[in-house]
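Enquirer: Sequence first, predicted coordinates after that:
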Amino acid sequence: MNFTDASLRESQFVRLEPLSATHHEDLAAAVETDELWKTWYTHIPSPSTMEGEIERRLNLHTEGRIVPWAIIDPVTSRAVGMTTYLNLEPANRRLEIGSTWVGSKAQGTGINAAAKMLLLQRAFEELGCIAVEFRAHWHNHQSRRAIERLGAKQDGILRNHTIFENGTVRDTVVFSIVEAERPTVKFGLVERLDALQR
């Protein structure tokens, strides 16, 4: 089981390509819409810091600490966001899906749900994970709702967990999907994506 493999993953709704410097232009354009990076409770790179963020994720991947992908809209073949496997724990057969953002124009299209489906499929069916974790800022209600819609359950809240650059302190809400819940979560995602085709 190679937890650090970042090979291509795709479905009719989304393509996850191994993150590379070639995605920079698309990602900078995707984040520029609605100035997503200015949201105070997230860590979304700005157009000017995108190159550095891609390099940072690639370096962490080289170190075997994360697995980064660019989220590609298969209709346009353009990168519209990023997602990552974090906190890789092969010995405990678990990991976290996080550091995810999707540009405003791609939100609500099913691209994010389809990406999560591919990542969950790999985690549970290929890597043999017994749990997959998700985390969100307490104030990021949009992300928390999206995680709950996946079928993840809230495990708890890590109070005063992270100090942000703007001086605020993040309470981190932790969610997970465990192995026994995987079939139900999969049916729910398939149903959501099927509805987009009707």
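Expert: Now that the structure is in, tell me what you want to look at. Residues are numbered from 1 along each chain as shown.

Enquirer: For the protein, just list every one of the strands.
Expert: Assigned by DSSP state E, the strands in the chain fall at 9-10, 15-18, 67-73, 78-89, 94-102, 131-137, 153-163, 169-178.

Enquirer: and those strands, which is most packed in?
Expert: strand 67-73 (a mean of 25; mean count of other Cβ atoms under 10 Å). Quick note: C-beta positions are derived from backbone N, CA and C, even for glycine.

Enquirer: so what does it touch, helix or strand wise?
Expert: Applying 3 or more Cβ pairs under 8 Å, 6 or more residues apart in numbering; DSSP states H and E, we find strand 67-73 packed against strand 15-18, helix 50-62, strand 78-89, strand 94-102, helix 111-121.

Enquirer: Could you dump those into TSV with distance to residue 160 and mean pLDDT added?
Expert: What follows is the helices and strands packed on strand 67-73, written out as TSV (distance: least, Cβ to Cβ, whole Å; pLDDT from 0 to 100):
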stretch	distance to residue 160	mean pLDDT
strand 15-18	33	98
helix 50-62	25	98
strand 78-89	19	98
strand 94-102	19	97
helix 111-121	28	96
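
Enquirer: Tell me who's in contact with the closest residue to residue 185 other than its chain neighbours.
Expert: Distances taken as Cβ to Cβ, 6 or more residues apart in numbering place residue 151 nearest to residue 185, at 3.8 Å, with adjacent residues excluded. Counting by Cβ atoms under 8 Å, 6 or more residues apart in numbering, residue 151 makes contact with 177, 181, 184-185, 188-189.

Enquirer: residues in contact with residue 178?
Expert: Here residue 178 is in contact with 130-131 (Cβ under 8 Å, 6+ apart).

Enquirer: Which strand residues bridge it?
Expert: Counting by DSSP bridges, residue 178 is bridged to residue 131.

Enquirer: Need the strands of the chain in a markdown table (columns: distance to residue 111).
Expert: Formatted as a markdown table, the strands of the chain follow (distance: least, Cβ to Cβ, whole Å):
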| stretch | distance to residue 111 |
| --- | --- |
| strand 9-10 | 12 |
| strand 15-18 | 10 |
| strand 67-73 | 6 |
| strand 78-89 | 7 |
| strand 94-102 | 6 |
| strand 131-137 | 17 |
| strand 153-163 | 24 |
| strand 169-178 | 20 |
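
Enquirer: Of these, which is nearest residue 119?
Expert: Shortest distance between residue 119 and these, using Cβ to Cβ, is found for strand 94-102: 5.2 Å.

Enquirer: partners of the closest one in the sheet?
Expert: Strand 94-102 has the following strand partners under DSSP bridges: strand 78-89 (antiparallel), strand 131-137 (parallel).

Enquirer: just the angle between that strand and helix 50-62, please?
Expert: Here strand 94-102 runs at an angle of 170 degrees relative to helix 50-62 (axes from the mean of the first three to the mean of the last three Cα atoms, to 10 degrees).
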